[in-house]
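> got a sequence here, can you build the structure:
(3 chains)
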Amino acid sequence: MALATAAALCAALPAAAQSSLTLFGVVDLSAQHIRGDGHLTRLESGGLNGSRLGFKGQEDLGGGLAASFHLEAGLSADTGRGRPNSIGNVIETPGDFISFNRRSTVGLMGRFGEVRAGRDYTPVADNHTDFDVFGNSGVGDSSLLTQALAIGLVAGRGVRTDVRASNAVVYVLPADLGGFWGYGMVALSEKTRDDEPAGFLRGDGGHRGIRLGWEGAGLNMALAYGKSILSFQQDLSNIHFGGTYTWNDLQFFGQLSRERTTIAEVRHTNDAAALGVVWTLGVQAIKFQVVNSRIKRTGMESMRATMYSAGYDYNLSKRTALYGAVSYIRNNAAGTFDLGVPVMPGQNASGVQVGMRHAF
Amino acid sequence: MALATAAALCAALPAAAQSSLTLFGVVDLSAQHIRGDGHLTRLESGGLNGSRLGFKGQEDLGGGLAASFHLEAGLSADTGRGRPNSIGNVIETPGDFISFNRRSTVGLMGRFGEVRAGRDYTPVADNHTDFDVFGNSGVGDSSLLTQALAIGLVAGRGVRTDVRASNAVVYVLPADLGGFWGYGMVALSEKTRDDEPAGFLRGDGGHRGIRLGWEGAGLNMALAYGKSILSFQQDLSNIHFGGTYTWNDLQFFGQLSRERTTIAEVRHTNDAAALGVVWTLGVQAIKFQVVNSRIKRTGMESMRATMYSAGYDYNLSKRTALYGAVSYIRNNAAGTFDLGVPVMPGQNASGVQVGMRHAF
Amino acid sequence: MALATAAALCAALPAAAQSSLTLFGVVDLSAQHIRGDGHLTRLESGGLNGSRLGFKGQEDLGGGLAASFHLEAGLSADTGRGRPNSIGNVIETPGDFISFNRRSTVGLMGRFGEVRAGRDYTPVADNHTDFDVFGNSGVGDSSLLTQALAIGLVAGRGVRTDVRASNAVVYVLPADLGGFWGYGMVALSEKTRDDEPAGFLRGDGGHRGIRLGWEGAGLNMALAYGKSILSFQQDLSNIHFGGTYTWNDLQFFGQLSRERTTIAEVRHTNDAAALGVVWTLGVQAIKFQVVNSRIKRTGMESMRATMYSAGYDYNLSKRTALYGAVSYIRNNAAGTFDLGVPVMPGQNASGVQVGMRHAF
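Numbering: from 1, shown residues only, chains lettered A, B, ... in the order given. Coordinates of the predicted model:
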């Protein structure tokens, strides 16, 4: 039973556009070849945009008020399975099956802005994604360096609130503030007592974050801060500033990020910076980015890496694109940054991908 | 791709209304503070109605016959995860991911009534829900007392057919019986041999239930009986009588329930009663309910509790409501009834919630 | 919010038919009684067609090009749970929850044919299904004999690429080749190193397959080959030839299949053949099939079985059918082929089912 062209039909019905129900998604697959200490050829989901299936809707309540919901499941399109979620923001569930791990919220919006609750992106993760040339997807994903501590890529086990947080309440500022915009999040720990689940204390799994930006004159820039509470590693904090500037066919990207946490009683500070550009030529886009990261560790040698990435997109339509990208990570003697295949300290990593993204 | 306003469009097409495909759901989240032996502040799914996502449809086959299907997945909207289901009606699966745990049926209806098969609510669980002021949702849920043995809240591990049963065949009486209505269910055990899975015998996991009601003159009342087969605890039976009476803006609710089972060779009998009222004032509703439960145990002191609950709903539309509720459980010296945070025997429990429900 | 009759509306819009978004599925449940070494009465999903829920769409890109996606989740409609999938084509995940295990692909089609990637049916499994009177569903499913080694029914643990493969790239020949049609698949192993996961080598989980057919003059026939790579059992290969011939109300089915693999250092060869007929009488269909299988094992007695099956379908509409089927398996002294309840060597098996299938 086809639901075809409901969208087309609805375009002719302005009155009804106030309330909506939308089924949407992305299926994005690429062939990747990754080199580290060994190599891997794989079909991978989400080279350009994360594969997903979602349901969202909005209801006009009158008087400027609207209710909305948003349920969005991440997919591993190469296997038909889902993506990891978490139990209580502290224990990762495997991506064997489907959950609405990307977003699961209900909200109320009006002149006061928007209040929503559920599972959502953290404000600081949004800052990383929006100011990365590659949108934190595929082999060029800058968060492999800039969020290395939160993701747990190079040391320790990271946090489960590195990208999204469950049990969260989000407040979004109203739209008309002279170019200023922003939102904040408080995610609850929901632990009833210490050591339940084992190894965690009351408060663990909580997250607080805020993001404030300004957009105008071709510029969009924002400062974000997030703190993930994990008592045994004295929490993980991340402050991130990013921006884009659009000039004719060129869009420039910049990021500055500092992550701090304690792993096995060693203080880690990850200072990272990135610069990039996207050159749009009609349906084509050419992308470059350089990312540098240095993780200082008390009493130990710093881990450093520089990541060079280039990409090319060919848009067959607004919804469908063919794309390719290459990426190279140069580690210092202690660095173990990788692209999916682990490396020995000091070893370099590289990756190449060719794929197709279809959105619906 | 928007499916927006398909509903609106379809309203103008009476002929097509006979066959339908519907996407529906609820996202309901509340902030709760629960006190027991310790306390917990949490974002919780389903304070007013269980969060869910479903697909259902009906096909007109002519001659008064219609085929239908119903697939409905429970959601933990605070995390985007699913809700528990069961393997063979005896082993609980965690709610980490999504399944159509709420309902998964195919059916055929005609003048003879309806026959459907799959996973569905048990008749006796429906009686508990329909005659509870709070619809068995949130802090005021009377089933925390009335179904304490089936849910396994205060003793033993309960049964997996406390609310729904898999492998079930349901027969529903036809609509026009002078106000009488009813249905029955037989759910199969599907065990091939004893001790597979370990600890269970052939027949375990089976369920039989029936519900008969009468509606008219502002009154709706029904008697229901259900028996869950678990040989090692000599089965769990529940007989429940409930009713509502509507008088102007007031709707009165009443319940009488008896559960019986054997846990660790001790016979348990849970006699419970509830009285409640809902006062509807335009878009607002005010709710009160008192529930009393006494679990008699051979050779041991009875566990008793009284639960006092009050609620307030403000309906922004038919689909969207803001709500609040408070609940207090007073245990006797042996009572361990709680609201989500375990209590020591004799300790009291309390809970408060403020939330929003959006249906689509 | 109803999505009803979007299909009906769209039929009137030829221009829009080029791009589509379709929600589809099947809920199929039957009561089965199976006999082996013991017996089992169960409600089972998929007696006529596998229960499923899917989302698919196509986008016209102009110039004869089109992009498409297809996400299809298998359901156990008797419990509302999902169906097994695999991790890396080597480890089975249980069917506790939902994944798009049946198919998860994105593709591009044009005059060159179609290229798609993701998780999909293997070509040789399609040959088994298309030329089985019972479509590899329910008690008459011929693959219980013809794919006994791949499924792991009678010996060893089979392969996880017996029906579908993840991490696959598929190429489909264009449509107009004078009746010839075909497609091929390469599925990647994606193992980075030996013994990760434990017990598997690099290359394990890979699959290669091809299927070539010709259709015309009432005849449809195809040859297919598939090879699943599992080093510890010297791979599993399957060559299968099948065809159907339609003559008035009768459709004849034939299959010839050879599976080869090594289990515990013993070479197994499964030679199977099947003959069947479907007699269509208006809305009714009567089905018969005989399947014979012989598994030769180096230095051991062969396992042989003959399966006799009959079925009857009554189509209430194109989407809804009532059906019944019976099946009987006669094993030789070493044979252990069964219908869902294990048998002792030489014991026979039987099964009967009565059910309803509803598609949407």
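> now the strands for the stretch 1-150 of chain A?
Listed in chain order, the strands found in the stretch 1-150 of chain A under DSSP state E, counting those that start in this stretch are A:20-36, A:38-45, A:52-62, A:65-74, A:85-87, A:91-93, A:103-110, A:113-121.
> can the ones you listed go into TSV with extra columns for mean neighbour count?
C-beta here means a position set from N, CA and C on the backbone, and glycine is covered the same way. Shown next, in TSV, are these (neighbours: other Cβ atoms under 10 Å in any protein chain shown):
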stretch	mean neighbour count
strand A:20-36	22
strand A:38-45	19
strand A:52-62	20
strand A:65-74	24
strand A:85-87	24
strand A:91-93	16
strand A:103-110	22
strand A:113-121	23
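> mean pLDDT and distance to residue C:78 for the ones you listed - can I get that in TSV?
Compiled in TSV, those are given as follows (pLDDT from 0 to 100; distance: least, Cβ to Cβ, whole Å):
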stretch	mean pLDDT	distance to residue C:78
strand A:20-36	97	27
strand A:38-45	96	30
strand A:52-62	97	24
strand A:65-74	98	24
strand A:85-87	95	26
strand A:91-93	93	25
strand A:103-110	98	27
strand A:113-121	98	30
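> out of those, which comes closest to residue A:286?
Ranking these by proximity to residue A:286 (Cβ to Cβ) places strand A:20-36 first, at 17.5 Å.
> list the contacts for whichever residue of the stretch 201-350 of chain A sits closest to chain C?
Residue nearest to chain C within the stretch 201-350 of chain A: residue A:320 (4.1 Å; Cβ to the nearest Cβ). Shown in contact with residue A:320 (Cβ atoms under 8 Å, 6 or more residues apart in numbering or on different chains): A:356-359, C:59, C:61, C:67, C:108.
> about what we covered before: dump the strands of the stretch 1-150 of chain A into JSON lines; add distance to chain B as well.
Output for those, formatted as JSON lines (distance: least, Cβ to the nearest Cβ, whole Å):
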{"stretch": "strand A:20-36", "distance to chain B": "4"}
{"stretch": "strand A:38-45", "distance to chain B": "17"}
{"stretch": "strand A:52-62", "distance to chain B": "5"}
{"stretch": "strand A:65-74", "distance to chain B": "4"}
{"stretch": "strand A:85-87", "distance to chain B": "6"}
{"stretch": "strand A:91-93", "distance to chain B": "5"}
{"stretch": "strand A:103-110", "distance to chain B": "3"}
{"stretch": "strand A:113-121", "distance to chain B": "4"}
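> spell out which parts of the stretch 51-200 of chain A neighbour chain B.
A:55, A:57, A:59, A:61, A:65, A:67-69, A:71, A:73, A:82, A:85-87, A:93, A:96-106, A:108, A:117-119, A:166-169, A:188, A:190, A:192-193 (Cβ under 8 Å from any Cβ of the partner chain).
> switch to 7 Å and redo it
Within the stretch 51-200 of chain A, the residues that sit near chain B (Cβ under 7 Å from any Cβ of the partner chain) are A:55, A:57, A:59, A:61, A:65, A:67, A:69, A:71, A:82, A:85, A:93, A:97-101, A:104, A:106, A:108, A:117-119, A:166-167, A:169, A:188, A:190, A:192-193.
> residues contacting residue A:34?
Contacts for residue A:34 (Cβ atoms under 7 Å, 6 or more residues apart in numbering or on different chains) come out as A:40, A:339-341, A:351.
> what number of residues lie near the residue nearest to residue A:60 when sequence neighbours are not counted?
In space, and not counting its chain neighbours, residue A:60 is closest to residue A:18: 3.7 Å by Cβ to Cβ, 6 or more residues apart in numbering or on different chains. When neighbours are counted by other Cβ atoms under 10 Å in any protein chain shown, residue A:18 registers 14.
> residue A:318 too?
9.
> that one - that's part of a strand, no?
No - read with DSSP: H, G, I helix; E, B strand; the rest coil, residue A:318 is coil and lies in no strand.
> pLDDT score for it?
At residue A:318, the pLDDT value in this model is 97.
> check residue A:199 too.
If you check residue A:199, the pLDDT there is 87.
> just residue A:336 next, same as before
For residue A:336, the predicted pLDDT is 96.
> likewise residue A:234?
pLDDT for residue A:234: 85.
> leaving out chain neighbours, which residue sits closest to it?
Spatial nearest neighbour of residue A:234, chain neighbours left out: residue A:262 (4.2 Å); criterion: Cβ to Cβ, 6+ apart.
> that neighbour pairs with what?
Taking DSSP bridges as the rule, residue A:262 bridges to residue A:267.
> over to residue A:209?
residue A:185, residue A:226.
> ok, now which ones touch it?
Taking Cβ under 7 Å, 6+ apart, we find residue A:209 in contact with A:122-124, A:184-185, A:224-226.
> relative to residue A:62, how far out is the residue nearest to residue A:60?
To residue A:62, residue A:18 is 9 Å away according to Cβ to Cβ, to the nearest Å.
> still on that earlier bit, highest neighbour count among the contacts of residue A:209?
Neighbour counts for these peak at residue A:124, which has 31 neighbours (criterion: other Cβ under 10 Å).
> you'd agree that one is up against residue A:238?
Yes - counting by Cβ atoms under 7 Å, residue A:124 does reach residue A:238; the two are 5.0 Å apart.
> can you work out which residues contact both of these two?
Common neighbours of residue A:124 and residue A:238 are listed as residue A:226 (criterion: Cβ under 7 Å, 6+ apart).
> quick check: chain neighbours aside, which residue is closest to whichever residue of the stretch 201-350 of chain A sits closest to chain B?
Per Cβ to the nearest Cβ, residue A:319 is where the stretch 201-350 of chain A lies closest to chain B, at 8.6 Å. The spatial neighbour of residue A:319 that comes closest, neighbours along the chain excluded (Cβ to Cβ, 6+ apart), is residue A:359 at 4.5 Å.
> burial check on the one you found, number of neighbours?
Residues lying near residue A:359 (other Cβ under 10 Å) number 22.
> same question, residue A:319
Residue A:319 sits with 18 neighbouring residues when counted by other Cβ under 10 Å.
> with residue A:358 instead?
27.
> chain C versus that one, what's the distance?
In this view, residue A:358 and chain C are 5 Å apart by Cβ to the nearest Cβ, to the nearest Å.
> can you say which helix or strand has that residue in it?
strand A:349-359 (DSSP states H and E).
> so how far is that strand from its chain's centroid?
Computed by Cα atoms, centre = their mean, to the nearest Å, the separation of strand A:349-359 from the middle of its chain amounts to 17 Å.
> partners of that strand in the sheet?
Sheet partners assigned to strand A:349-359 using DSSP bridges are listed as strand A:20-36 (antiparallel), strand A:320-331 (antiparallel).
> CA atoms of the shortest one as PDB?
Spelled out, it's strand A:320-331. C-alpha atoms of strand A:320-331 as PDB (Å, rounded to 0.1, in the frame of the first residue of the first chain):
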ATOM      1  CA  THR A 320      20.700  11.400  -3.700                       C
ATOM      2  CA  ALA A 321      24.500  11.800  -3.900                       C
ATOM      3  CA  LEU A 322      27.500   9.800  -5.000                       C
ATOM      4  CA  TYR A 323      30.600  10.600  -2.900                       C
ATOM      5  CA  GLY A 324      34.200   9.800  -2.300                       C
ATOM      6  CA  ALA A 325      36.700  10.700   0.400                       C
ATOM      7  CA  VAL A 326      40.200  10.000   1.500                       C
ATOM      8  CA  SER A 327      41.800  10.600   4.900                       C
ATOM      9  CA  TYR A 328      45.300  10.300   6.400                       C
ATOM     10  CA  ILE A 329      46.300  10.400  10.100                       C
ATOM     11  CA  ARG A 330      49.900  11.100  11.000                       C
ATOM     12  CA  ASN A 331      50.600  10.100  14.600                       C
END
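> low pLDDT regions in chain A?
A:1-17, A:155-156 (pLDDT under 70).
> how about the strands paired with strand A:349-359 in TSV, adding distance to residue B:202?
Output for the strands paired with strand A:349-359, formatted as TSV (distance: least, Cβ to Cβ, whole Å):
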stretch	distance to residue B:202
strand A:20-36	44
strand A:320-331	55
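> residue C:325: which of those strands is closest?
Nearest to residue C:325 among the strands paired with strand A:349-359 is strand A:20-36 (35.8 Å), distances taken as Cβ to Cβ.
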